[in-house]
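Peer 1: Let me see the structure of the following:
(chains A and B)
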Number of protein chains: 2
Amino acid sequence: MAQEAQAENGSKASPVVFAAVKPWLVVEAPKANDAVQFYKAAFGAEEVSRVNHTKRKAEQELPLVLSAELKLGSSSIVVSDLTDDASAPVKSPVSGSLFCLETEDVEAAVSKAVAAGAVTEGEVSEGEGACCGGRVGRVKDPYGNVWLICSPSKKCADVAA
Amino acid sequence: MAQEAQAENGSKASPVVFAAVKPWLVVEAPKANDAVQFYKAAFGAEEVSRVNHTKRKAEQELPLVLSAELKLGSSSIVVSDLTDDASAPVKSPVSGSLFCLETEDVEAAVSKAVAAGAVTEGEVSEGEGACCGGRVGRVKDPYGNVWLICSPSKKCADVAA
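Peer 2: The predicted structure is shown next:
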């Protein structure tokens, strides 16, 4: 009977599962590109993908980095320029740390985090960064860290043509 | 000839390889235990190991957490109480983020990071946290983030009897 109930209501009964944690390093614009080069040189990181900011001011020589994903061992880190543009996934300075959590069910994961004591920051919406190409929810935990809960993005794993 | 040189001088020629990045979350003492419970409840994290602080003040009811390692998907995070004790791996407030990088050759990794522009914070020494049970070097990158470069600890993978 328990199995039947699970089979009938599988989507609600399935636990929230995360693939991995990706630390998101936000640097003062326009230093993200320098930071990427540094992490390559210092730690042997490999750039997997990069999404530049589409809008940029005329006086800026470099496009701002919306998100660059780097592979470091079995982990990934994401580097971004801090920008005040509303379309950027990182909208405001973060006092704690920022992490990206990938999961298939963003809404369920956000609900679970809120039930445990996290506070949502805005609605779940469509992201456009390298890590958060799908739906993105944003919650702050009780210790000041911000977690972006995202559906997996094809931009992360295999960039399609 | 290049192969010969590499074979003769393998240890120097071998590249620095990191296993993974572990974000280290430092919370105001004594809230680390609460934080661990939160990450379990909110994100389904599993506690892999914990090292408590050996010294504690008489008036404190809970032992301070030197480091608790949690598995979250294929990643690990480490949670610590912020303490001013000199033996703790996290000695002072960190303005940016704190990450643990595991590698077999700590000195080479620190040298490479410094050559790329990082600044060492103290000497390479013996650590005692869950993530940094072996030798630990500490460098700050040009963007304010601190990286603990550690040799792998048996406490992380398989706790020996």
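
Peer 1: who touches the closest residue to residue A:76 other than its chain neighbours in this structure?
Peer 2: Using C-beta to C-beta, 6 or more residues apart in numbering or on different chains and skipping the chain neighbours, the partner closest in space to residue A:76 is residue A:22 (4.8 Å). All C-beta atoms are positioned from the backbone trio N, CA, C, and that covers glycine. In this structure, residue A:22 makes contact with A:69, A:75-78, A:99-102, A:131, B:75, judged by C-beta atoms under 8 Å, 6 or more residues apart in numbering or on different chains.

Peer 1: now those: which count as buried?
Peer 2: Among the contacts of residue A:22, those scoring as buried are A:69, A:75-78, A:99-102, A:131, B:75 (criterion: 16 or more other C-beta atoms under 10 Å in any protein chain shown).

Peer 1: Please produce a markdown table containing those residues, extended by pLDDT.
Peer 2: Supplementary listing: the buried ones among the contacts of residue A:22 in a markdown table, determined by pLDDT from 0 to 100:
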| residue | pLDDT |
| --- | --- |
| A:69 | 90 |
| A:75 | 90 |
| A:76 | 89 |
| A:77 | 90 |
| A:78 | 88 |
| A:99 | 85 |
| A:100 | 81 |
| A:101 | 84 |
| A:102 | 81 |
| A:131 | 55 |
| B:75 | 90 |
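
Peer 1: So which of those residues belong to strands?
Peer 2: With DSSP state E as the criterion, strands contain A:69, A:75-78, A:99-102, B:75 from among those.

Peer 1: Could you identify the longest helix within chain A?
Peer 2: helix A:32-43 (DSSP state H).

Peer 1: just the CA coordinates of that one, formatted as PDB?
Peer 2: As requested, C-alpha coordinates have been extracted for helix A:32-43 and formatted as PDB (Å, rounded to 0.1, in the frame of the first residue of the first chain):
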ATOM      1  CA  ALA A  32      35.800  38.700 -13.000                       C
ATOM      2  CA  ASN A  33      37.800  38.000 -16.100                       C
ATOM      3  CA  ASP A  34      41.000  38.600 -14.200                       C
ATOM      4  CA  ALA A  35      39.700  36.400 -11.400                       C
ATOM      5  CA  VAL A  36      39.100  33.600 -14.000                       C
ATOM      6  CA  GLN A  37      42.600  33.900 -15.200                       C
ATOM      7  CA  PHE A  38      43.900  33.800 -11.700                       C
ATOM      8  CA  TYR A  39      42.000  30.600 -10.800                       C
ATOM      9  CA  LYS A  40      43.300  29.000 -13.900                       C
ATOM     10  CA  ALA A  41      46.900  30.000 -13.100                       C
ATOM     11  CA  ALA A  42      46.800  29.400  -9.400                       C
ATOM     12  CA  PHE A  43      44.700  26.300  -9.100                       C
END
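
Peer 1: buried ones in that helix?
Peer 2: Of the residues in helix A:32-43, those buried under the neighbour-count criterion (16+ other C-beta under 10 Å) are A:32-36, A:38-39, A:42-43.

Peer 1: coming back round to it: in CSV, list the contacts of residue A:22 along with distance to residue A:141.
Peer 2: CSV is the format used below for the contacts of residue A:22 (distance: C-beta to C-beta, whole Å):
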residue, distance to residue A:141
A:69, 23
A:75, 20
A:76, 21
A:77, 19
A:78, 18
A:99, 10
A:100, 14
A:101, 11
A:102, 17
A:131, 18
B:75, 16
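
Peer 1: Kindly indicate which of these lies nearest residue A:143.
Peer 2: Using C-beta to C-beta, residue A:99 is the member of the contacts of residue A:22 that lies nearest residue A:143, at 11.9 Å.

Peer 1: tell me which residues form a beta bridge with that closest one?
Peer 2: Each beta-bridge partner of residue A:99 is listed here: residue A:23, residue A:147, as defined by DSSP bridges.

Peer 1: what residues are up against residue A:112?
Peer 2: When contacts are counted by C-beta under 8 Å, 6+ apart, residue A:112 touches A:16, B:41-44.

Peer 1: Name the next helix or strand following the helix or strand hosting it along the chain.
Peer 2: Here residue A:112, judged by DSSP states H and E, is contained in helix A:106-115. Downstream of helix A:106-115, the next assigned helix or strand under DSSP H and E is strand A:119-120.

Peer 1: quick check, that next one touching chain B?
Peer 2: No: judged by C-beta under 8 Å from any C-beta of the partner chain, strand A:119-120 makes no contact with chain B; its nearest approach is 11.3 Å.

Peer 1: for that strand, packing partners?
Peer 2: strand A:135-140 (3 or more C-beta pairs under 8 Å, 6 or more residues apart in numbering or on different chains; DSSP states H and E).

Peer 1: Can you give me the neighbour number for residue A:28?
Peer 2: Burial of residue A:28, expressed as a neighbour count using other C-beta atoms under 10 Å in any protein chain shown, amounts to 12.

Peer 1: Can you tell me the closest non-neighbouring residue to it?
Peer 2: Taking C-beta to C-beta, 6+ apart as the measure, residue A:28 lies nearest to residue A:82, with 5.7 Å between them; neighbours along the chain are not counted.
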